[in-house]
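Colleague: Any chance you can model this:
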Amino acid sequence: MRIRMTSQQRFGKLQTAWPAGISKGHPLWLCFCDCGKSTIVITSSLRTGKTKSCGCFERESRSRGNNFRHGEARRGKISKEYSTWVGIWNRCTNPKVARYRYYGGAGIKVCDRWKKFENFLADMGRRPYGTTIGRLGDVGNYEPGNVRWMTRLEQGHERRIKNSNA
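Modeller: Predicted coordinates for the structure are as follows:
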């Protein structure tokens with residue numbers, strides 16, 4: 001059953017005022033936000049809960065530090081260091097990740113200190129161009145002293161060291 005849209009309906013911080021036309025076949029509504037601004041929203045975005053404010057809620061959330069509080073997202077892009085940090089956590093803790101069996105499934109862990117991205121960045125520093133994270137000798141856990149930024153060539157060398165010791 002479809003809910004009929006009317007004036008004065010509330011959706012999050014938005015209250016509908018009146019129909020504002022149609023865009024690409026989708027009905028639009030002029031809405032007033034609790035913050036005092038107005039915005040035009042597609043009806044389906046209101047009904048599904050996709051749009052709940054004029055954008056002020058997201059801006060407030062960011063300013064409170066709830067979104068990338070470490071500052072590693074600039075202009076919608078995540079830093080290479082943050083992406084690397086997420087990758088090592090996924091490989092070592094998420095069985096749904098394709099390479100988990102070679103990392104977490106093989107007993108490789110990430111140290112407790114690196115549960116915070118800020119600590120990882122402080123220990124590792126910025127990633128030099130052309131490098132990725134690698135474990136020394138391609139063995140052991142992800143922890144300070146056992147990892148560094150390496151080129152693909154260096155990682156291949158570390159892998160050969162591991163295989164010659166096995």
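Colleague: where do the helices sit along the protein?
Modeller: In the chain, the helices defined using DSSP state H lie at 43-48, 56-63, 80-93, 117-124, 152-165.
Colleague: So which of those helices is nearest residue 31?
Modeller: Across these, residue 31 has its closest neighbour in helix 43-48 (7.5 Å, Cβ to Cβ). All C-beta spots, glycine's among them, are computed from the backbone N, C-alpha and C.
Colleague: Can I get the closest one in CSV? Just the C-alpha atoms.
Modeller: C-alpha atoms of helix 43-48 as CSV (Å, rounded to 0.1, in the frame of the first residue of the first chain):
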residue,chain,number,x,y,z
THR,A,43,9.3,11.6,-2.9
SER,A,44,10.9,8.1,-2.9
SER,A,45,13.9,9.4,-1.0
LEU,A,46,11.6,10.7,1.7
ARG,A,47,9.5,7.5,1.9
THR,A,48,12.6,5.2,2.0
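Colleague: Which residue, other than its chain neighbours, is closest to residue 22?
Modeller: residue 28 (6.5 Å; Cβ to Cβ, 6 or more residues apart in numbering).
Colleague: what's around that neighbour, how many residues?
Modeller: 16 (other Cβ atoms under 10 Å).
Colleague: Next: residue 8.
Modeller: 8.
Colleague: Where does pLDDT dip in the chain?
Modeller: Scanning the chain for pLDDT under 70 picks out the ranges 1-3, 57-77, 159-166.
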